[in-house]
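**Student:** Here is a sequence together with a model predicted from it:
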Amino acid sequence: MTEIILARHGETAWNVEEVFRGRIDIELNQTGLKQAELLAEYLSEQKIEAVYSSPLKRAARTAEAVARRHKLRVEIVNGLTDCDFGQWQGLHLKEVRDKYSQLYQQWAESPQLVKLPGGESLDEVRERALAVVNGVTAKHRGRVVLVSHRVVNKVLICALLGLDNSHFWNIRQDVCGTTFFSYENGRLVLTRHNDTSYLKPLAKTELSDF
């Protein structure tokens, strides 16, 4: 049996400030670095076979903290990189709401229909991220950690549950949260979702779904 752990990277300043990140390679902030270490500690007693990560630093640093505990090398895969938000990248949420009001309204109500200006659609994210999961389930028979981003993980969780992208806003995964799937006999089964129990020592206020 294969177990897939979908982990979201730790906190960045832009998570706190509600700035669209996308492909901009922003680093973890101090809280994010602590979160990565707490995640690594949480997973340290489990036998991890491999750790895969988005190439962006915020994900790779989170993945490296996990991999170090198991003396593993992080395998970087482009299929796990963040959604390309195109012209929205680097803009504050309020700026996007004001400048792209109609499109943002559609994003909030029917995200599956949106092609981000100069960026990706959720279908494109889904296709590349699912290719990674399919490769992992074909290659591994143990426990594997995939470290990625909010949009990618939300889309993947929908896909693995057999839901289309219209359910994007029905899924939440907090910064440095983990979601567990077991894979057996060709079926992926959700066993745990948005676990952040290991982050309690930080006693931090929960951020919005951004």
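**Tutor:** That came through fine. Nothing here was measured: the structure is a model prediction, and the numbers come from that model.
**Student:** Show me where this protein has its helices.
**Tutor:** For the chain, the helices defined by DSSP state H cover 13-17, 30-43, 57-69, 93-99, 101-109, 122-139, 150-160.
**Student:** what about the fifth one, average pLDDT?
**Tutor:** Per-residue pLDDT values across helix 101-109 average out to 98.
**Student:** repeat for the third one
**Tutor:** The pLDDT scores in helix 57-69 average 98.
**Student:** who's in contact with that helix?
**Tutor:** 7, 9-10, 12, 21, 25-28, 32-33, 35-37, 39-41, 43-44, 48, 51-54, 73-74, 76, 80, 82, 145, 147-149, 176 (CB atoms under 8 Å, 6 or more residues apart in numbering). To be clear about C-beta, it is placed using only N, CA and C from the backbone, and glycine gets the same treatment.
**Student:** One more: the first one?
**Tutor:** Residues from elsewhere that reach helix 13-17, judged by CB under 8 Å, 6+ apart: 19, 20, 21, 24, 26, 29, 32, 92, 175, 207, 210.
**Student:** Which positions within that helix qualify as buried?
**Tutor:** By 16 or more other CB atoms under 10 Å, the buried positions in helix 13-17 come out as 14, 15, 16.
**Student:** Ok, the fourth one next?
**Tutor:** The neighbour-count criterion (16+ other CB under 10 Å) identifies residue 96 as the buried residues of helix 93-99.
**Student:** Please name the nearest non-neighbouring residue to the residue nearest in space to the middle of the chain.
**Tutor:** For the chain, the residue nearest the mean C-alpha position is residue 149 (2.7 Å; CA atoms, centre = their mean). Leaving out its chain neighbours, the residue that sits closest to residue 149 by CB to CB, 6 or more residues apart in numbering is residue 82, at 4.0 Å.
**Student:** again with residue 157
**Tutor:** residue 171 (5.1 Å).
**Student:** Given the longest strand along the chain, what are its sheet partners and their directions?
**Tutor:** Ranked by number of residues, the top strand in the chain under DSSP state E is strand 187-195. Partner strands and pairing direction for strand 187-195 (DSSP bridges) are strand 178-184 (antiparallel).
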